[in-house]
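Engineer: Fold the following.
(chains A and B)
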Amino acid sequence: MLGEFLQYLFSGLTTGATYALVGLGFAIIYNASHVINFAQGEFVMIGGMGTVMMMAAGVPMPLAVLGAVALAVIAGVALDKLAIERARDADIVPLIIITIGASLFLRGLAQYFWGKSYHSLPAFTGDEPLKVLGATLLPQSLWVLGVAAVLLVALAFFFNRTLKGKAMLAVSHNKDASRMVGINPRFILMLAFALSAALGAVAGIVSAPITLTSYDVGIMLGLKGFVAAVLGGLGSAVGAVIGGLLLGIMEAMAAGYISSDYKDAVPFVIILLVLFFLPSGLFGKRGTERV
Amino acid sequence: MWNRFRNPYAGLPVLAIVLAVLPLAFSNPYHYDVAIHVLINAVVAVGLNLLIGYAGQISLGHAGFFGLGAYTTGILSGVYGWPPLLSVLAALVVVGVLAFAVARPILRLSGHYLAMATLGLGILISIVISTEGWLTGGPDGMIVPTISVFGWELFGETRWYWVMAVLLLVAVWLALNLIDSPVGRALRAVHGSEVAAQVAGVNTISYKVLIFVVSAVFAALMGTASAHYSGFITPDLAGFFHSIEFVTMVVLGGMASTYGALIGAVILTTLPQLLTGFDDLEMVIFGAILMAVMIFMPRGLVPTLTARLRKGS
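Structural biologist: Model prediction:
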């Protein structure tokens, strides 16, 4: 009983950590620009596929990981400079279409250069499962959780203790006022894209040994990351992380105790229920809108 | 010289003539097939434009209604042997009731939360369709019988072309009528400022619900027509990407312009046909075009170009 529950909890936390990192990427870009970046999932794909392809070309794993993260960051910055920055006055709907166009573009390039087949990365430290209270835990799951935790602590430090991080928070609160105190919102926006591309890529790399990767993994991951960000209340970093973990756990519990057929439907059922009853997410600001 | 175009109904006879003359240029069934797909998408886009362009409410899930319509009529006529005309009607009722049931809680939301909710609804419909394989054939799709109206069998590209052309004319006429009515004025007020509209006594919620249901039923109608025309349906019809295609047609052509939605449908339906020669790069080029048009013409083709023409004349 307990073993079974723990088993689902472990697998839920592992996928949840990936959703959390992707959701965090959504929140960071949303805060800097009020843009929902539907290409977020493609950064995850670039991370996983980039590492696989560089390793296949003979690059040692640590370098391949760095290279793949760099590739995702380049894609993120290019997306910002070539598309988002030029269209910053556009409405919500054109911006959504631009980022969806970008995701098709990146996915298409990946398919063209890297092919359509599924790939896997070797686990970082072996495949021998650990036994914990009757449940088994893959060492790679510990890697996923550990890396996610380290990234979260580093981000918390960045946003609360460094000047650049505080500037990013300032821009999210009030763009005009932050410009007056000498913050360059364009630079902040670029930083936001670079940061969330890196987060997505890392999530893609650490989860690739467990979930496989291919040119089209970004679609579902991107959508679920968006669900995580909205679940936590758009723009709340803590909310996105909790939202992501909750989604992962509930998905695993539903798959384990009810039916795995509808695993992918769980996040969307949850978000519809939450939006119907708590229209601004679990942790969103409830304030009234000024007209 | 542009005043003549102020009366939106003036375009209706022009559209009818274009639709009537167009087949003269068709030399094979493939041309008819492309034209039929353009017409299917055009009706959906005209309906969705009422919601996005006029009421200012985004939906990233309209393919869900399209797919639900297609599968309802497909299952009722194919599996349970209903007469197709009755199953089409049933599909419209099913989608209309579902849209009405979810409209109120969904349309309370705005901006990205509205986008999320409509996206979630569409994806749920497509997941249910591909999971309930015993009824829908799952990801492999299912076969749909042909339709016959009082003994006249609706079969073949030519007959379908004329049916779809009439559907489009009726849809455009309905849309223009709606825009020109008190409902349309109320909707534009909602788009401008919802609070101001409420203060002025407009019951904004019930207008938004009305338009949501109308646009969902338009999508469902074309879903059923497309199912009986092609005789084969897959869950992709209800998928996220298909929803995005519909939204892009509306935005690409130009929001709040019924003829813009038409042009968006023409472009977005024929573009992939033109790109098939590029094989593997099709997705890359398609994505690049979407980005470029939205970056350089965020208001869409028709409003941008007419504004330019006006300036020039």
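
Engineer: Which residue ranges of the chain form helices?
Structural biologist: I went with chain A, as the question did not name one. For chain A, the helices defined by DSSP state H occupy A:2-33, A:40-56, A:61-79, A:92-114, A:139-161, A:163-173, A:175-180, A:185-211, A:218-231, A:237-253, A:266-277.

Engineer: I was after chain B.
Structural biologist: Under the criterion DSSP H, helices of chain B are mapped to B:11-21, B:29-49, B:62-78, B:84-107, B:111-131, B:133-136, B:157-179, B:182-192, B:194-199, B:204-230, B:240-253, B:258-275, B:282-296, B:301-312.

Engineer: Tell me where the model's unsure across chain B.
Structural biologist: For chain B, the stretches with pLDDT under 70 are B:1-7, B:312-313.

Engineer: Give me the distance between the residue nearest the centre of it and residue B:245.
Structural biologist: Computing the C-alpha centroid of chain B and ranking residues by CA atoms, centre = their mean puts residue B:44 first, at 1.3 Å. In this view, residue B:44 and residue B:245 are 9 Å apart by CB to CB, to the nearest Å. (Each C-beta comes from the backbone N, C-alpha and C, glycine too.)

Engineer: So which bits of the stretch 101-250 of chain A are right by chain B?
Structural biologist: Residues of the stretch 101-250 of chain A found near chain B (CB under 8 Å from any CB of the partner chain) are A:101-109, A:111-112, A:219, A:223, A:226-227, A:230, A:234.

Engineer: residues contacting residue B:141?
Structural biologist: By CB atoms under 8 Å, 6 or more residues apart in numbering or on different chains, residue B:141 lies in contact with B:232-235.

Engineer: Spatially, which two of these are the most separated?
Structural biologist: The most widely separated members of these, counting by CB to CB, are B:232 and B:235 (12.1 Å).

Engineer: most neighbours per residue, which of the helices of chain B?
Structural biologist: Compared across the helices of chain B, helix B:62-78 shows the largest average neighbour count, a mean of 28 (mean count of other CB atoms under 10 Å in any protein chain shown).

Engineer: Show the buried residues in the residues of the stretch 101-250 of chain A next to chain B.
Structural biologist: Buried subset of these (neighbour count, 16 or more other CB atoms under 10 Å in any protein chain shown): A:101-109, A:111-112, A:219, A:223, A:226-227, A:230, A:234.

Engineer: Residues of the stretch 201-313 of chain B that sit close to chain A?
Structural biologist: So far as CB under 8 Å from any CB goes, the stretch 201-313 of chain B lies against chain A at B:240, B:244, B:247-248, B:251, B:255, B:280-291, B:294-295, B:298.

Engineer: make it 10 Å
Structural biologist: Residues of the stretch 201-313 of chain B lying close to chain A by CB under 10 Å from any CB of the partner chain are B:239-241, B:244, B:247-248, B:250-252, B:255, B:279-300.

Engineer: In terms of pLDDT, where does the closest residue to residue B:283 other than its chain neighbours sit?
Structural biologist: Among residues not flanking residue B:283 along the chain, residue A:108 sits closest, at 3.2 Å (CB to CB, 6 or more residues apart in numbering or on different chains). Residue A:108 is assigned 93 on the pLDDT scale.

Engineer: what does the one 3 residues further on give?
Structural biologist: Listed pLDDT for residue A:111 reads 93.

Engineer: what's it in contact with, if anything?
Structural biologist: A:49, A:214-216, B:280-284 (CB atoms under 10 Å, 6 or more residues apart in numbering or on different chains).

Engineer: Recalculate using a threshold of 7 Å.
Structural biologist: A:215, B:280, B:283 (CB atoms under 7 Å, 6 or more residues apart in numbering or on different chains).

Engineer: just residue B:298 next, same as before
Structural biologist: A:87, A:90-91, A:94.

Engineer: now do residue B:194
Structural biologist: residue B:204 are the contacts of residue B:194 under CB under 7 Å, 6+ apart.

Engineer: just how off-centre is stretch B:147-162 within its chain?
Structural biologist: A distance of 22 Å separates the centroid of the chain from that of stretch B:147-162, by CA atoms, centre = their mean, to the nearest Å.

Engineer: contact partners of it?
Structural biologist: Outside stretch B:147-162, the residues touching it (CB under 7 Å, 6+ apart) are B:23, B:29, B:32-33, B:35-36, B:84-85, B:146, B:163, B:228-229.
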